[in-house]
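Peer 1: The following block contains a protein sequence and its predicted model.
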Amino acid sequence: MGRLTKVLVPFAVLGAVGVALAAGYVTAATVVAKMVVTPARRKREDAGIRSVAADLSTVTLGGNADALRVPGRYGLWFSNDRGYARIGDILELADDGSVTREVESVVWGDLRSARHGRLSSWYYTSPSDLGLPVESVDVPVDDGVAPAWLFPAERPTDRWAVHIHGRGTQRQETLRGVPVFHEKGFTSLVASYRNDGDAPSSSDGRYGLGSTEWRDVDSAIAYALAHGARHVVLMGWSMGGAIVLQASVRSAHADSVRGIVLDSPVVDWLETLDYQAGLMRLPRGVAQGALLLLDSAWATGVIGQDAPVGIAGLDFTMRAHELNVPVLLMHSDDDGYVPADASHKLAASRPDIVTLVPFRQAKHTKLWNYDRDRWTSAVSSWLDELIDSLEQTREPA
């Protein structure tokens, strides 16, 4: 073997390794990008059901489920979602990490025979659970009609609230927010949107992370206006927060939006996706590659999107100046899914309109569950101020 060959062979080997590593990064980035925008219907059961009291008054749980050891009231899905129970206070925390909690009610299913479950922030699973008058309505959207629940106010009103759920869940997530709006005299429209399993799917069947879903919120606002609304409050949970923020600045009916309420919102997708990649212990290059793919026209066929997401346009820490209505923002510092940093940054940049109510250990979208009284009080007080401002500017009849 000549001297030149001896020199080139190692470089050729290194080049092949580099190509293999690069290919591995691209593959991993593609998988992550698809996961971010593909609706997931199956939820992981991460709570082990150790024992259930004979009279169904308590359940002992183990595992690492979110909020498992956090005080509050939650839903417990079990047996692959064939059963559902409402659980309450922590009664005992054992040395092995298992926790015994009160069982408030078993809504359906055989809890005694269940071995695995998952905690849910839903709590209410049906609009009838609220004990309020409600009807099912259809909201016209791009590809058909999106089902919604309409909770009329006790008296005729031109104040409406539109409630928008988060990623990978459905309308039931938002039911916790309806009673306080009803108490304050609002009609509530609990809406669905594309690819959530209730509303029509988009042509690509992919999430837009707010960049496409806002159109369905625009349709919900239009429905409200067509049925007597003049003043609309948008409430968004998690990704629903990203959606209503988009709607508040992009909707053709944005001038009827009088306020925004956000629970555990995605204010900045760049921060959120980077945080998620860290939880999965992915190399930073993989996370950045996934973002690049989501944002690139040439990658839409690979990811299955009709169009790039436009990540930069979803960062409301950079678009805070575009907001022009009061915002109530509630977020827990231990969220564990959507970091609260962007929420704090948004509040700091717009103290003139943003009211931040921080929580310390309530986890993601479980602020109501953790401390229902504080959550309700925060929304109630904020609505009082909003109503006062609307009354002061109301045109004479």
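Peer 2: It's in. Residues are numbered from 1 along each chain as shown.
Peer 1: Kindly confirm my reading that Ala29 forms part of a helix.
Peer 2: Yes - counting by DSSP: H, G, I helix; E, B strand; the rest coil, Ala29 is part of a helix.
Peer 1: residue contacts, the residue nearest to it when sequence neighbours are not counted?
Peer 2: Spatial nearest neighbour of Ala29, excluding adjacent residues (CB to CB, 6 or more residues apart in numbering): Gly289 at 3.1 Å. (C-beta placed from N, C-alpha, C; glycine too.) With CB atoms under 8 Å, 6 or more residues apart in numbering as the criterion, the residues that contact Gly289 are Tyr25, Val26, Ala28, Ala29, Val32, Ala33.
Peer 1: The helix or strand containing Gly289: how far from the chain's middle?
Peer 2: Assigned by DSSP states H and E, Gly289 falls within helix 284-294. Remark: helix 284-294 is offset 22 Å from the chain centroid, using CA atoms, centre = their mean, to the nearest Å.
Peer 1: Does anything pack onto the next helix or strand after it? Which helices or strands?
Peer 2: Where DSSP H and E defines the elements, the next helix or strand beyond helix 284-294 is helix 300-303. Here helix 300-303 touches helix 3-37, helix 284-294, going by 3 or more CB pairs under 8 Å, 6 or more residues apart in numbering; DSSP states H and E.
Peer 1: Where among those helices is average confidence lowest?
Peer 2: The weakest mean pLDDT among these belongs to helix 3-37, with a mean of 61.
Peer 1: tell me which residues in the helix holding Gly289 are buried?
Peer 2: Going by neighbour count (16 or more other CB atoms under 10 Å), the buried part of helix 284-294 is Val286, Ala287, Gln288, Gly289, Ala290, Leu291, Leu293, Leu294.
Peer 1: Nearest to Arg374 among the residues you listed?
Peer 2: Of all the buried residues of helix 284-294, Arg374 sits closest to Ala287, with 34.3 Å by CB to CB.
Peer 1: burial measure for the closest residue to the closest one other than its chain neighbours, as a count.
Peer 2: Distances taken as CB to CB, 6+ apart put Ala277 closest to Ala287, at 3.3 Å, once the chain neighbours are dropped. Number of residues near Ala277 (other CB atoms under 10 Å) recorded here: 22.
Peer 1: just to confirm, which helix or strand has Ala277 in it?
Peer 2: Ala277 belongs to helix 269-279 when assigned by DSSP H and E.
Peer 1: name the helices or strands packed onto that helix?
Peer 2: The elements that helix 269-279 packs onto, with contact taken as 3+ CB pairs under 8 Å, 6+ apart, are helix 284-294, helix 341-349.
Peer 1: Adding distance to Asp268 as columns, could you present those in TSV?
Peer 2: Formatted as TSV, the helices and strands packed on helix 269-279 follow (distance: least, CB to CB, whole Å):
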stretch	distance to Asp268
helix 284-294	12
helix 341-349	4
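Peer 1: Would you tell me which of those helices gets closest to Arg41?
Peer 2: Per CB to CB, nearest to Arg41 of the helices and strands packed on helix 269-279: helix 284-294, 20.9 Å.
Peer 1: how much does that closest one deviate in direction from helix 269-279?
Peer 2: Computed by axes from the mean of the first three to the mean of the last three CA atoms, to 10 degrees, the angle separating helix 284-294 from helix 269-279 equals 140 degrees.
Peer 1: Output helix 284-294 as CSV, nothing but the C-alphas.
Peer 2: Coordinates of each C-alpha in helix 284-294 appear next as CSV, following Å, rounded to 0.1, in the frame of the first residue of the first chain:
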residue,chain,number,x,y,z
ARG,A,284,-29.5,19.6,20.3
GLY,A,285,-28.8,19.1,16.6
VAL,A,286,-31.8,16.7,16.3
ALA,A,287,-34.2,19.3,17.9
GLN,A,288,-32.8,22.0,15.7
GLY,A,289,-33.1,19.8,12.6
ALA,A,290,-36.8,19.0,13.5
LEU,A,291,-37.5,22.7,13.6
LEU,A,292,-35.8,23.2,10.3
LEU,A,293,-37.9,20.5,8.7
LEU,A,294,-41.1,21.9,10.1
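Peer 1: re the thing from before, buried residues in the helix holding Ala277?
Peer 2: So helix 269-279, judged by 16+ other CB under 10 Å, has buried residues Trp269, Leu270, Glu271, Thr272, Leu273, Asp274, Tyr275, Gln276, Ala277.
Peer 1: Surely the third one touches Pro339?
Peer 2: Yes - distance between Glu271 and Pro339: 6.0 Å, which falls inside the contact criterion (CB atoms under 8 Å).
Peer 1: how deep is the nearest residue to Asp129 once chain neighbours are set aside tucked in, by neighbour count?
Peer 2: In space, Asp129 comes closest to Leu175 once its chain neighbours are excluded; the distance is 7.0 Å by CB to CB, 6+ apart. The number of residues packed near Leu175 is 24, by other CB under 10 Å.
Peer 1: wait, Leu175 sits on Gly131?
Peer 2: No - in this structure, Leu175 is not within contact of Gly131 by CB under 8 Å, at 11.4 Å.
Peer 1: So what's the residue count around Ala153?
Peer 2: Neighbour count for Ala153, taken as other CB under 10 Å: 20.
Peer 1: so what's it up against?
Peer 2: Neighbouring residues of Ala153 by CB under 8 Å, 6+ apart: Arg159, His182, Gly185, Phe186, Thr187.
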